[in-house]
Structure formats: structure tokens, C-alpha cells
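Colleague: pasting the sequence and the predicted model now:
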Amino acid sequence: MYLLLATILIGLELSYEGLKLRGWHKVSGIIEFTFLAFVILIVYFWATGCYPSLWQLDYSDNFWKIIIGYVFFRFGWFSPVLNIVRGKPIAYIGSTKIDDIVLYWIITKLHFAQEHLLFIRFVFFVWGFAWLLCGNTDRI
């Protein structure tokens, strides 16, 4: 369930980012607004007690593992897929967003080639995938 939800959320974010980069600004804005409104409403309902827990799932001790798994999963495949949509090399690191600037700084300080980042992203993708796949179990 967590893996499916993460895939849907990241896929929606990828869709409006990709549409924006391809010049479809109005369609991108509509999808982004809908996406953010949905996420904000769900968090608001959860924070105000309308839902005892999001989608009635038991987070218990695995809550932070699921959050970290989502971050790892997103880090692993968001930028490579977006780079493919943009027509850039798959290992391309941008220069406008804070996470890209920090990532580029880390890569240059460690003297890594940008292609090594693909392996690092793959490792984080698999790690996040596994944590999200086993989110309701104690096998994490």
C-alpha cells in the first residue's frame, strides 16, 4: 500500500513537472494545484482528528521508516525520469534547486563522476522500495 501510494504521489509530481518543462504550463498548473490541494486536505483532516490515522493504516514503530523510505524512493527515480523527459543526460544535475546545488557540491567535493550518482540513486531506490514494500511488517 505504501509503495503504491508513493508511486502515485511521485508520478503525479513528475507529470506536472514534466508538462511544465515541455511548455504545457496551464495543464501543469491544474495538475499541481489538484495534487497540492489533495495532499494539504489529507494532512489537514489527519491533523484535526477527522481521520484517526491516514487511510486507517497503523504506523506504530514503522512511521519514520516509511517516511524515510518515501524520501529514498523519490530520490532514486524522480530526477533520472525528469531528465529523460527534459531530454538531458540521465545523470544530469541541475543548477537551480537547492537540492541540486547541494548534490552538485557533494559530487565535486568527493570527486565523483556524475555517472556514479546513478548507482547511488539506484541503491537508494532499492532501499526505499524495500522499506515501502514491507511498511506494515516488522521485517524492515
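Modeller: Received the coordinates, thanks. Being a predicted model, the structure only gives us computed values, none of them experimental. Numbers count the residues shown, from 1 in each chain.
Colleague: for Gln114, give me phi and psi.
Modeller: Backbone torsions of Gln114, given as degrees, to the nearest 10, read phi -60, psi -30.
Colleague: residue nearest the middle of this structure, spatially speaking?
Modeller: Arg74 (2.8 Å; C-alpha atoms, centre = their mean).
Colleague: show residues contacting the helix or strand that contains Trp64.
Modeller: In this structure, Trp64 is located in helix 63-86 according to DSSP states H and E. With contact meaning C-beta atoms under 8 Å, 6 or more residues apart in numbering, helix 63-86 is reached by 2-3, 6, 9-10, 13-14, 17-18, 21-22, 59, 89-93, 118, 121-132, 135, 140. From N, CA and C alone the C-beta is placed, and that goes for glycine too.
Colleague: same check, this time on stretch 95-108
Modeller: Under C-beta under 8 Å, 6+ apart, the answer for stretch 95-108 is Ile93, Gly94, Gln114, His116, Leu117.
Colleague: number of nearby residues for the second one?
Modeller: Applying other C-beta atoms under 10 Å, we find 15 other residues in the vicinity of Gly94.
Colleague: show me what contacts it?
Modeller: Contacts of Gly94 by C-beta under 8 Å, 6+ apart are Asp100.
Colleague: tell me which element it is part of?
Modeller: Using DSSP H and E, no helix or strand contains Gly94.
Colleague: mind checking how far it is from Glu17?
Modeller: 11 Å (C-beta to C-beta, to the nearest Å).
Colleague: please apply the same query to the last one.
Modeller: Distance of Leu117 to Glu17, computed by C-beta to C-beta: 19 Å.
Colleague: pLDDT weak spots in this structure?
Modeller: 1, 44-63, 136-140 (pLDDT under 70).
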